[in-house]
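> Below are the sequence and a predicted model for it; my questions follow.
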Amino acid sequence: MRIEYVWYLLAMAVTTYLIRMIPFTLFRKKIRSTFARSFFYYIPYAVLSAMTFPAIFNSTGNVWSASAGVAVAILLAYFRRSLLTVALASCAAAFLVSLLPMI
């Protein structure tokens, strides 16, 4: 391994550590504001959605098959099906729609 890669890894490790450590040092008291607590509660879901949805629609190379997979996933998740069922059904729907001849 080249020595410059070690410096890159060290810089990323320090950056990741600082990002995770700073909130613990700044917020020592319990947050009492209901607005701030609800805001911090939904941040992980919002970030995950912002990272996932663009990738979902670009994953198949066809917007129609990706949309079919998303629609099936949302429908099955709404009816509280298991994660495995949702994943397999949405993959199957995207695959089947990709087999259709598009106009």
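It's in.
> Double-check residue 89 against residue 74; I have them as touching.
No - with contacts counted by CB atoms under 8 Å, residue 89 stays clear of residue 74, the gap being 11.1 Å. The C-beta positions use only the backbone N, C-alpha and C, and glycine is treated the same way.
> Those two: who's more crowded?
Shown here are residue 89 and residue 74; by other CB atoms under 10 Å, residue 89 has more neighbours (16 against 11).
> how far away is the more buried one from residue 21?
Distance from residue 89 to residue 21, counting by CB to CB, to the nearest Å: 41 Å.
> Likewise for residue 69?
For residue 69 relative to residue 21 (CB to CB), the value is 39 Å.
> can you tell me the average pLDDT over the helix or strand hosting residue 53?
In the assignment (DSSP states H and E), residue 53 maps to helix 34-58. For helix 34-58, mean pLDDT is 90.
> Contacts made by that helix with the rest, please.
The contact list for helix 34-58 (CB atoms under 8 Å, 6 or more residues apart in numbering) reads 31, 63, 66, 67, 69, 70.
> residues of it that come out buried?
Across helix 34-58, burial judged by 16 or more other CB atoms under 10 Å covers no residue at all.
> Looking at residue 69 and residue 21, which is more packed in?
Higher neighbour count among residue 69 and residue 21: residue 69, with 25 against 10, using other CB under 10 Å.
> For the more buried one, which non-adjacent residue is closest in space?
Nearest in space to residue 69, with sequence neighbours left out and distances taken as CB to CB, 6 or more residues apart in numbering, is residue 94 at 3.4 Å.
> Now name the helix or strand holding that neighbour.
Following DSSP H and E, one finds residue 94 within helix 83-99.
> What helices and strands are in contact with that helix?
Judged by 3 or more CB pairs under 8 Å, 6 or more residues apart in numbering; DSSP states H and E, helix 83-99 is in contact with helix 63-78.
> Check the offset of the helix it packs on from the chain's centre.
Chain-centre distance of helix 63-78: 16 Å, with CA atoms, centre = their mean, to the nearest Å.
> Mind checking which residue lies nearest the centre of the protein?
Nearest to the mean C-alpha position of the chain, counting by CA atoms, centre = their mean, stands residue 48 at 3.2 Å.
> Can I get the one helix or strand residue 19 maps to in PDB? Just the C-alpha atoms.
Taking DSSP H and E as the definition, residue 19 sits inside helix 3-26. Provided in PDB are the C-alpha atoms of helix 3-26 (Å, rounded to 0.1, in the frame of the first residue of the first chain):
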ATOM      1  CA  ILE A   3       2.000   5.800   2.000                       C
ATOM      2  CA  GLU A   4      -0.300   8.500   0.600                       C
ATOM      3  CA  TYR A   5      -3.300   6.100   0.900                       C
ATOM      4  CA  VAL A   6      -2.600   5.800   4.600                       C
ATOM      5  CA  TRP A   7      -2.800   9.600   4.900                       C
ATOM      6  CA  TYR A   8      -6.100   9.600   3.000                       C
ATOM      7  CA  LEU A   9      -7.500   6.900   5.300                       C
ATOM      8  CA  LEU A  10      -6.300   8.800   8.400                       C
ATOM      9  CA  ALA A  11      -7.900  12.000   7.200                       C
ATOM     10  CA  MET A  12     -11.200  10.200   6.500                       C
ATOM     11  CA  ALA A  13     -11.100   8.500   9.900                       C
ATOM     12  CA  VAL A  14     -10.500  11.800  11.700                       C
ATOM     13  CA  THR A  15     -13.300  13.500   9.700                       C
ATOM     14  CA  THR A  16     -15.700  10.700  10.500                       C
ATOM     15  CA  TYR A  17     -14.800  10.800  14.200                       C
ATOM     16  CA  LEU A  18     -15.200  14.500  14.400                       C
ATOM     17  CA  ILE A  19     -18.600  14.400  12.700                       C
ATOM     18  CA  ARG A  20     -19.800  11.800  15.200                       C
ATOM     19  CA  MET A  21     -18.200  13.400  18.300                       C
ATOM     20  CA  ILE A  22     -19.100  17.000  17.900                       C
ATOM     21  CA  PRO A  23     -22.900  16.600  18.600                       C
ATOM     22  CA  PHE A  24     -22.100  14.700  21.800                       C
ATOM     23  CA  THR A  25     -19.900  17.500  23.000                       C
ATOM     24  CA  LEU A  26     -22.200  20.300  22.100                       C
END
